[in-house]
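A.B. asks: turn this into a model:
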Amino acid sequence: MPTTRLPAVAGSFYPAEPQALRDEIARCFALARPALPDPSGRPPKLLVVPHAGTVYSGPVAASAYATLAAAARHGRIRRVVLLGPAHRVPVRGLAAPAAGITAFDSPLGAVPLDTAALARLDDLPQVERSNLAHAQEHSLEVQLPFLQQVLGHDFALVPLVVGDARPAEVAEVLERLWGGDETLVLISSDLSHYLRYDDARRCDEATVERLLAQDGTLEPDEACGARALNGALRVARHHGLRPRLLDLRNSGDTAGDRRRVVGYAALAFDAPPDPEPARADNAAADVDHALGAAAFAVARNAIAQALGEPPIAEPPHPALDTPLACFVSLHSADGDLRGCVGRLDTEQTLREALRANALAAAFHDSRFPPLAADEWPGLRVEVSLLSPLQPLPARDEAEALAAMRPGTDGLVLSWRHHRAVLLPQVWDQLPTPGAFLEALKHKAGLRSHFWADDLRLERFEVRYFEGRA
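C.D. replies: The predicted structure is shown next:
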C-alpha cells in the first residue's frame with residue numbers, strides 16, 4: 001500500500017523538474033508585492049493564498065509566503081495546517097488522507113504529514129479519511145513548493161480538503177489544530193472566476209473588503225474556498241487576529257487574457273499583541289481553557305441528568321464557585337440553534353448559573369420545544385463566559401456604529417422597559433455593525449431606525465467553549 005501521495009499537477013500547474021521549479025518560484029518572489037512585517041516580529045498566524053498555476057497566481061501567492069521569511073530563519077514554524085476546496089471529488093465535510101499516507105511528495109522532495117495531529121481529528125463526524133479526495137486535488141499541492149522554498153524541510157503538513165462543510169465544522173477542526181507560533185494555518189482559495197477584467201476587479205475588491213471585515217458569509221462564486229474561509233474567519237475573530245491585505249491581482253495582471261480572468265488575493269492574519277499579565281484576584285482572569293473544560297462539563301451534565309444520560313467527569317476549577325455571568329447555547333447536529341439562555345447579573349455562582357441556564361436552554365426556551373432524548377446524540381453545547389459590562393457611550397446611532405467592534409463586542413440595549421442582548425457570536429450571521437444593531441433593536445421590540453437620547457448601550461466580551469454532548 002502506498003505511503004506517499006504523489007504529485008498530480010507537476011508539469012501543468014508548475015514545472016516538474018526540480019531546478020526549473022526553483023527558478024519559477026524565485027521568479028514569483030521577484031514579482032511579489034513587498035509587505036511590511038507585523039510590528040510584533042511574529043509571523044502571521046493565518047494566510048490566505050491562491051492556487052492557480054504559478055504563471056498566473058504565483059506572484060500573488062509569493063506575496064503571502066514572503067511574510068514567513070523571518071520566522072523561517074529562526075525555525076519558528078514547524079507545522080502547517082493547509083485547507084483547500086475540493087475541485088475533483090465531492091466531499092461532505094472535510095477529508096484527511098487515509099491513515100497509511102505519511103507524506104506528500106513534490107519535485108523538491110517529500111513533505112512529512114503530522115499523523116498525530118490528523119489522528120486527533122478522527123472522532124469528529126465531519127472529518128473523513130479519503131485518498132481519493134486528495135489524489136488529483138491541486139488546491140493543496142500547488143502550495144508545497146512555496147512552503148518548501150520558504151520553510152525548507154523542517155515542517156510537517158496537516159492537509160485537509162474542504163467540501164460541503166459548515167463554518168462551525170471547519171472552525172471546530174481548526175481549533176483542535178490551532179497551536180501556537182509553531183503552527184501556521186493556510187487557506188487556499190482563488191476569488192472570482194471568468195469575469196471580464198473590470199468586473200472581476202470590482203467583485204474581488206468587494207470580497208476582500210468582506211475578508212478584512214472578517215465577514216464569514218462568503219459564497220463559492222465569490223471565492224472557491226468560501227467554505228474553508230468562512231470557518232477560518234470565525235476562528236480568526238475568536239482569537240482576535242488582525243487581517244491585512246498583501247496583494248490583490250487577477251490573471252489579467254499576470255499572464256492571462258483580460259476577457260475572462262480569475263481573481264487572486266493574498267492576506268495575512270496576525271496574532272494580537274500578548275496580553276498584559278492578569279491580576280490573580282480578577283475572576284475574569286480565570287477564563288482559560290481549564291475553566292472552559294470545567295464549565296462545559298457542568299452545563300452538559302445538567303442536561304444529561306435531566307435526560308437520563310450518563311455524565312462526564314467535571315474537572316474542578318475555583319472560578320466555578322465565584323460569581324460570573326454566562327450564557328448557554330445549544331445547537332442541533334445540523335448546526336441549527338436549539339436554545340440559548342443566560343443572565344447578565346452575577347447573583348449566582350458560575351456553577352449554579354451554568355446549570356440553571358443549561359436546563360432553561362434545553363427545556364424552557366420559548367422559541368423551541370423541550371429537548372428530546374433522541375436529539376442528544378450530536379447536540380453541541382456552547383458556554384459563553386462574559387466580561388463585566390462596560391458603557392458604550394454614543395450621542396446618536398452613527399457614533400454607536402463607529403464604536404462597535406465587529407466580532408468582539410456583545411451588546412446590551414436598554415430603553416425604558418425594552419431590553420435585549422446579543423452575544424458576540426451573532427457577528428457570524430450579522431457581520432456589519434448596522435445589521436447587528438438593527439437585530440438588537442428588533443429583539444428589544446424597537447423599530448430598526450429607532451433612537452432616543454436615553455437609550456443605553458453596554459458592551460461585553462466573551463470567551464466561549466463548546467463541545468459535543
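
A.B. asks: list the contacts for Val111?
C.D. replies: Contacts of Val111 were listed using Cβ atoms under 8 Å, 6 or more residues apart in numbering, and they are 103-105, 144, 147-148, 153, 155-157. Where C-beta positions appear, they are placed from N, C-alpha and C, glycine not excepted.

A.B. asks: how far off centre is stretch 437-448?
C.D. replies: 28 Å (Cα atoms, centre = their mean, to the nearest Å).

A.B. asks: please put the alpha-carbon coordinates of that stretch into CSV.
C.D. replies: Below are the C-alpha coordinates for stretch 437-448, written out as CSV (Å, rounded to 0.1, in the frame of the first residue of the first chain):
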residue,chain,number,x,y,z
LEU,A,437,-27.6,46.9,15.9
GLU,A,438,-30.8,46.5,13.8
ALA,A,439,-31.2,42.9,15.0
LEU,A,440,-30.6,44.1,18.6
LYS,A,441,-33.4,46.7,18.3
HIS,A,442,-35.7,44.1,16.8
LYS,A,443,-35.0,41.7,19.6
ALA,A,444,-35.9,44.5,22.1
GLY,A,445,-39.1,45.2,20.3
LEU,A,446,-38.0,48.5,18.7
ARG,A,447,-38.1,49.7,15.1
SER,A,448,-35.0,49.4,13.0
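
A.B. asks: name the residues that touch that stretch?
C.D. replies: With Cβ under 8 Å, 6+ apart as the criterion, stretch 437-448 contacts 397, 400-401, 404, 411, 413, 415, 418-422, 426, 430, 450.

A.B. asks: just the buried ones out of these, please.
C.D. replies: Neighbour counting over these (16 or more other Cβ atoms under 10 Å) leaves 397, 400, 404, 411, 413, 415, 420-422, 426, 430, 450 as the buried ones.

A.B. asks: quick one: classify Arg42 as helix, strand or coil.
C.D. replies: Per DSSP: H, G, I helix; E, B strand; the rest coil, the local secondary structure of Arg42 is coil.

A.B. asks: neighbours of it, how many?
C.D. replies: For Arg42, the neighbour count with other Cβ atoms under 10 Å is 16.

A.B. asks: list the buried residues of stretch 126-145.
C.D. replies: Neighbour counts over stretch 126-145 (16+ other Cβ under 10 Å) mark 126-128, 130, 133-134, 137-145 as buried.

A.B. asks: just give me the closest of those to Lys45.
C.D. replies: Of all the buried residues of stretch 126-145, Gln143 has the smallest distance to Lys45: 16.5 Å, by Cβ to Cβ.

A.B. asks: returning to what we had before: which one of the buried ones among the contacts of stretch 437-448 is nearest Ala333?
C.D. replies: Taking Cβ to Cβ as the measure, Ala333 lies nearest Val426 of the buried ones among the contacts of stretch 437-448, at 21.2 Å.

A.B. asks: and that closest one, that's in a strand?
C.D. replies: No - under three-state DSSP, Val426 sits outside any strand and is assigned helix.

A.B. asks: OK, contacts around it?
C.D. replies: Residues near Val426 by Cβ under 8 Å, 6+ apart: 436, 439.

A.B. asks: what's the spacing between it and Arg468?
C.D. replies: Per Cβ to Cβ, to the nearest Å, Val426 is found 22 Å from Arg468.

A.B. asks: out of the contacts of Val111, which are buried?
C.D. replies: Applying 16+ other Cβ under 10 Å to the contacts of Val111, the neighbour count classes 103-104, 144, 147-148, 155-157 as buried.

A.B. asks: between all of those, which two are separated the most?
C.D. replies: Farthest pair in those, by Cβ to Cβ: Ala103 and Leu147, 13.4 Å.

A.B. asks: so which of the buried residues of stretch 126-145 are in helices?
C.D. replies: Using DSSP state H, the subset of these located in helices is 133-134, 138-141, 144-145.

A.B. asks: how about CSV for the residues you listed, with pLDDT and distance to Ala69 added?
C.D. replies: As requested, these are arranged in CSV below (pLDDT from 0 to 100; distance: Cβ to Cβ, whole Å):
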residue, pLDDT, distance to Ala69
Ala133, 97, 32
His134, 97, 28
His138, 97, 25
Ser139, 97, 24
Leu140, 98, 22
Glu141, 98, 22
Leu144, 98, 17
Pro145, 97, 16
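
A.B. asks: which one among these gets closest to Glu309?
C.D. replies: Nearest member of those to Glu309, counting by Cβ to Cβ, is Ala133, at 34.3 Å.

A.B. asks: identify the bridge partners of the closest residue to the closest one other than its chain neighbours.
C.D. replies: Nearest residue to Ala133 in three dimensions, chain neighbours excluded: Ala95, at 3.7 Å (Cβ to Cβ, 6 or more residues apart in numbering). The partner list for Ala95 in beta bridges (DSSP bridges) reads Glu128, Val161.

A.B. asks: for Asp164, see how far away Ala95 is.
C.D. replies: 11 Å.

A.B. asks: same check on Arg380?
C.D. replies: 18 Å.

A.B. asks: neighbour count winner among these two?
C.D. replies: The residue with more neighbours, out of Arg380 and Asp164, is Arg380; 17 against 13, by other Cβ under 10 Å.
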